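Peer 1: Show me the folded form of this:
(one chain, ligands or ions: 1)
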Amino acid sequence: MIEARGLRKSFGGFEAVRGIDVEVRRGEAFGFLGPNGAGKSSTMRMVAAVSPVTDGRLRILGLDPAVDGPAIRARIGVCPQEDTLDTELSVRDNLYVYGRYFGMGRREVRERVGELLDFVQLTDKADARVDDLSGGMKRRLTIARSLVNSPELLLLDEPTTGLDPQARHVVWERLFRLKQQGVTLVLTTHYMDEAEQLTDRLVVMDKGLVVAEGSPLQLIREHSTREVAELRFGVAEPGAGHDRHVERVADLAERVEVLPDRLLLYTADGEETLAKVHERGLEPVATLVRRATLEDVFLRLTGRTLVD
Ligand SMILES: Nc1ncnc2c1ncn2[C@@H]1O[C@H](COP(=O)(O)OP(=O)(O)OP(=O)(O)O)[C@@H](O)[C@H]1O
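Peer 2: Below is the predicted model of the structure:
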């Protein structure tokens, strides 16, 4: 569905995307995971055929965006990072106008709009003004709008940024349904849980480069232990960070990461490690044992956390 080789994007002298290779197969859910500024949106805009490629090779649905932009745009759906809904129009008319824009007949659009409102669970809001919708509803409407032309490939830039946990789950569930229906999903996110929930395969991006690629599970296996024990200590003396405890626990774990507010002990058995911490007379004010996530993968690869 997408093939990129040595893909680059520059803005003046600044290189936002610095030569990436990506392949997305039909029917899969593919993710670009990375912090703000990693180059995810710049990549997505090239894939959406709205931003010209600076260098490298890019094919979308086998077509070259420099030549076949309109043909590509007719067959894909794009859900941008910011909701760009028409606030003057009702919920229904936002979809209707978009469908007409794609050249669909009045009757065909009306039918499609009905289906889509149903799909994103907004049928009872059909006549509401966009301004009166919640953030989650607006996002679902934007997703519905991106589906008007029944795309084979749906691009979603940060689909749940800014939504509360419940609204995020509704969006995830709808996207999961689309995937079941055979739509290829490509999404960017800086939420590791979103990448883990939704994607079959992903690339981790940092500073314009791909730093890792694989399924969420593969990446976690490759770059982390199975479990993580988190320790928080009280901030007793000013200026005394969590690093002052490292020496006393370093030999208990395969790897220790020091964050400003906690220590992460990478280990096969978190509970066992925690017991040893207590045996040594250390008294963290809070502890947590959890399985490793893509956040740990990112930390390992870049030395930074995904969300600052
Ligand atoms: N039109 C532009 N002109 C100049 N610089 C840009 C432009 N668009 C993006 N950039 C820069 O390119 C870099 C990558 O931005 P991009 O939006 O692709 O990152 P991102 O990973 O999608 O992050 P975000 O989640 O913040 O959108 C950033 O440093 C950004 O400031």
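Peer 1: ok, how many other residues are close to residue 211?
Peer 2: 18 (other C-beta atoms under 10 Å). Any C-beta I mention is one placed from the backbone N, CA and C, and that applies to glycine too.
Peer 1: Kindly apply the preceding question to residue 27 instead.
Peer 2: 15.
Peer 1: show me what contacts it?
Peer 2: 179, 182, 184 (C-beta atoms under 8 Å, 6 or more residues apart in numbering).
Peer 1: now, among those, which is nearest to residue 15?
Peer 2: residue 184 (27.8 Å; C-beta to C-beta).
Peer 1: Can you tell me what sits against stretch 192-204?
Peer 2: Contacts of stretch 192-204 (C-beta under 8 Å, 6+ apart): 20, 22, 28-34, 159-160, 168, 172, 175-176, 179, 185, 187, 189, 210-216, 219, 293-295, 297-298, 301, 306.
Peer 1: which of these are buried?
Peer 2: 20, 22, 29-34, 159-160, 168, 172, 175, 179, 185, 187, 189, 210-212, 214, 216, 219, 293-295, 297-298, 306 (16 or more other C-beta atoms under 10 Å).
Peer 1: So which of the residues you listed are in helices?
Peer 2: 168, 172, 175, 179, 216, 219, 294-295, 297-298 (DSSP state H).
Peer 1: Would you mind listing what in the chain touches the ligand?
Peer 2: 11, 14, 16, 34, 36-42, 158 (C-beta under 6 Å from any ligand atom).
Peer 1: In CSV, list those residues along with pLDDT.
Peer 2: CSV is the format used below for the residues of the chain next to the ligand (pLDDT from 0 to 100):
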residue, pLDDT
11, 96
14, 96
16, 97
34, 92
36, 88
37, 90
38, 94
39, 96
40, 95
41, 94
42, 96
158, 93
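Peer 1: can you pull the contacts of residue 1?
Peer 2: 24-26, 60-61, 152-153, 184, 186.
Peer 1: Mind pulling up the pLDDT for it?
Peer 2: The model reports residue 1 with a pLDDT of 97.
Peer 1: Next: residue 235.
Peer 2: 68.
Peer 1: May I ask which helix or strand encompasses residue 273?
Peer 2: Using DSSP states H and E, residue 273 sits within helix 270-279.
Peer 1: Let me know the closest of the contacts of residue 27 to residue 98.
Peer 2: residue 184 (20.5 Å).
Peer 1: I figured residue 100 was touching residue 110, is that so?
Peer 2: No: with contact defined as C-beta atoms under 8 Å, residue 100 does not count as touching residue 110 (10.4 Å).
Peer 1: If you drop the residues flanking it in sequence, what lies closest to the residue nearest to the spatial centre of the chain?
Peer 2: Nearest to the mean C-alpha position of the chain, by C-alpha atoms, centre = their mean, lies residue 189 at 2.0 Å. Once flanking residues are discounted, residue 189 sits nearest to residue 195: 5.5 Å by C-beta to C-beta, 6 or more residues apart in numbering.
Peer 1: what's the pLDDT at the one you found?
Peer 2: Note on residue 195: pLDDT of 94.
Peer 1: Are we agreed that it is in a helix?
Peer 2: Yes: looking at residue 195 with DSSP: H, G, I helix; E, B strand; the rest coil, it is inside a helix.
Peer 1: and it, how far is that from the ligand?
Peer 2: Separation of residue 195 from the ligand (C-beta to the nearest ligand atom, to the nearest Å): 13 Å.
Peer 1: And for residue 274?
Peer 2: 35 Å.
Peer 1: go on, residue 284?
Peer 2: From residue 284 to the ligand the distance is 33 Å (C-beta to the nearest ligand atom).
Peer 1: That residue contacts residue 265, doesn't it?
Peer 2: No: the criterion here is C-beta under 8 Å, and residue 284 misses it with residue 265 at 10.7 Å.
Peer 1: Quick check: neighbours shared by these two?
Peer 2: Common neighbours of residue 284 and residue 265 (C-beta under 8 Å, 6+ apart) are 231, 277.
Peer 1: coming back round to it: select only the buried ones of the residues of the chain next to the ligand in ChimeraX?
Peer 2: If you want just the buried ones from the residues of the chain next to the ligand in ChimeraX, going by 16+ other C-beta under 10 Å, the selection is:
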select :16,34,38,39,40,41,42,158
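Peer 1: just to revisit the earlier point, can you give me the neighbour number for the residue nearest to residue 189?
Peer 2: 27.
Peer 1: Residue 13 now?
Peer 2: Quick note: residue 13 (other C-beta under 10 Å) scores 5 neighbours.
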